[in-house]
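**Q** Give the three-dimensional model of this entry:
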Amino acid sequence: MSNKIETWQLKFRQRLPLWLKEAYTAKRIRAWHRDCGGQTYVSFSGGKDSCVLLHQVRKICPATPAVFVDTGLEFPEIRDFVDTIDNVVVVRPKMSFKQAIEKYGFPVVSKEVSQKISEARTTRSEKLLHKRLYGDTNKYKSGKIPNKWQFLIKAPFKISHKCCHYLKIEPLRRYEKESRRRPFVGIMATNSHARKQRYLKHGCNSFLAKKKQSIPMGFWVEADIWGYIKKHKVPYSGIYDLGYNNTGCMFCLFGVHRESFPNKFEMMHKTHPKQWDYCINKLKCGEVLSYIGVNFDRKAGLLWQE
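**A** A predicted model of the protein is given here:
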């Protein structure tokens with residue numbers, strides 16, 4: 001049995017009204033919970049998407065635990081908000097962000113690009129190196145580091161995609177192994193190309209995938225999240241009222257080059273100066289951001305300082 005979704009089907013689902021999306025999502029939640037024998041949990045980051053997911057899951061399965069990974073990189077407002085939620089299991093990584101970047105390298109651009117750069121710098125395989133530099137022989141040149149980022153191969157700092165694995169994925173895997181529960185995850189196809197491809201391949205409930213999980217809001221869009229919060233009066237963290245749209249790990253560099261002014265580090269300079277100083281100066285993320293051409297303080301915009 002295949003859950004493969006065609007692109008037109010995804011687009012159709014994304015255009016559905018919110019009430020229909022809620023109904024379809026509820027159906028997928030019930031199916032996942034049933035097929036897992038009730039042994040499920042909600043991967044809960046404290047962000048708005050996981051708040052909406054938790055609200056929907058607990059309408060159907062009230063006793064479902066939420067699992068929060070305390071990486072040490074959460075915004076204080078997120079941590080404070082998580083403390084207000086009932087039935088939250090807190091898990092922690094065995095490695096800190098500082099240890100991860102020292103051992104493996106900084107997360108830059110994206111997971112995919114960081115992995116390719118790391119492989120190009122460390123591989124002993126001429127075949128893999130050629131693939132990372134020039135791509136496969138197909139017309140898409142798949143496997144190639146984009147031309148605009150190939151200069152990072154010679155960067156004076158380590159680059160890696162592994163911090164997410166050790167800080168987030170590994171603690172959840174430990175929890176799953178010990179509890180034998182399967183996750184509901186609040187990701188959407190609109191979050192990234194990789195997440196879109198995963199949704200197209202497996203649909204909402206990936207029973208047959210190597211990584212078994214339910215993403216029952218996979219076909220939702222950003223407007224649906226805020227629409228649901230307003231409609232159902234779902235509590236959310238005050239971090240959004242400060243102007244942040246992305247509330248993931250504070251010091252993560254993935255995607256910051258695509259953010260419009262003010263990017264999250266420019267905002268952090270104003271809203272969380274102590275954390276900003278630790279990240280930019282102590283962890284030397286400022287050197288990395290400078291190297292990839294990303295501003296990280298407020299001096300570029302006087303209006304933002306007011």
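**Q** Look up how far Thr137 lies from Gly203.
**A** Distance from Gly203 to Thr137, counting by CB to CB, to the nearest Å: 32 Å. For the C-beta atoms, the positions are set from N, CA and C on the backbone; glycine is no exception.
**Q** which intervals of this protein have sub-threshold pLDDT?
**A** Counting by pLDDT under 70, the ranges of the chain that qualify are 1-2, 299-306.
**Q** From the centroid of it, which residue is nearest?
**A** For the chain, the residue lying nearest the average C-alpha position, counting by CA atoms, centre = their mean, turns out to be Gly248 (6.5 Å).
**Q** three-state assignment of that residue?
**A** With DSSP: H, G, I helix; E, B strand; the rest coil as the basis, Gly248 sits in coil.
**Q** Now do the contacts for it.
**A** Gly248 makes contact with Ser45, Gly47 under the criterion CB atoms under 8 Å, 6 or more residues apart in numbering.
**Q** so how far is Phe254 from it?
**A** Taken as CB to CB, the span from Gly248 to Phe254 is 8 Å.
**Q** Just the element for Ile229, please.
**A** Take DSSP states H and E as the rule and Ile229 turns out to sit in helix 222-232.
**Q** With Gln275 instead?
**A** Using DSSP H and E, Gln275 sits in helix 273-277.
**Q** So which bits of that helix are buried?
**A** Gln275, Trp276 (16 or more other CB atoms under 10 Å).
**Q** on contacts alone, who are the packing partners of the helix or strand just after it?
**A** Downstream of helix 273-277, the next assigned helix or strand under DSSP H and E is helix 285-291. Judged by 3 or more CB pairs under 8 Å, 6 or more residues apart in numbering; DSSP states H and E, helix 285-291 is in contact with strand 253-254.
**Q** Other residues contacting the strand it packs on?
**A** Phe106, Pro107, Val108, Val109, Ser110, Lys111, Ser114, Cys285, Val288, Leu289, Ile292.
**Q** ok, that strand: who's next to it in the sheet?
**A** With DSSP bridges as the test, strand 253-254 is paired with strand 108-109 (parallel).
**Q** Tell me the gap between the next helix or strand after the strand it pairs with and the middle of its chain.
**A** For strand 108-109, the succeeding helix or strand toward the C-terminus, using DSSP H and E, is helix 111-122. Counting by CA atoms, centre = their mean, to the nearest Å, helix 111-122 is centred 19 Å from the centre of its parent chain.
**Q** May I see the buried residues of helix 111-122?
**A** Using 16+ other CB under 10 Å as the burial criterion, the residues of helix 111-122 that qualify are Lys111, Val113, Ser114, Gln115, Lys116, Ile117, Ser118, Glu119, Ala120, Arg121.
**Q** what does stretch 237-249 give?
**A** For stretch 237-249, a neighbour-count test (16+ other CB under 10 Å) marks Ser237, Ile239, Tyr244, Thr247, Gly248, Cys249 as buried.
**Q** JSON lines please, covering these and showing distance to Gly38.
**A** Converted to JSON lines, the buried residues of stretch 237-249 look like this (distance: CB to CB, whole Å):
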{"residue": "Ser237", "distance to Gly38": "29"}
{"residue": "Ile239", "distance to Gly38": "33"}
{"residue": "Tyr244", "distance to Gly38": "35"}
{"residue": "Thr247", "distance to Gly38": "30"}
{"residue": "Gly248", "distance to Gly38": "30"}
{"residue": "Cys249", "distance to Gly38": "31"}
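**Q** Identify, from those residues, the entry nearest to Val82.
**A** Proximity to Val82 was ranked across the buried residues of stretch 237-249 by CB to CB; first place goes to Ser237, at 8.3 Å.
**Q** what residues are up against that closest one?
**A** Taking CB under 8 Å, 6+ apart, one finds Gly46, Gly47, Lys48, Cys51, Phe75, Glu77, Ile78, Asp80, Phe81, Thr247 in contact with Ser237.
**Q** give me that answer again for 10 Å
**A** Contact partners of Ser237, counting by CB atoms under 10 Å, 6 or more residues apart in numbering, are 45-48, 51, 74-82, 84, 244, 247.
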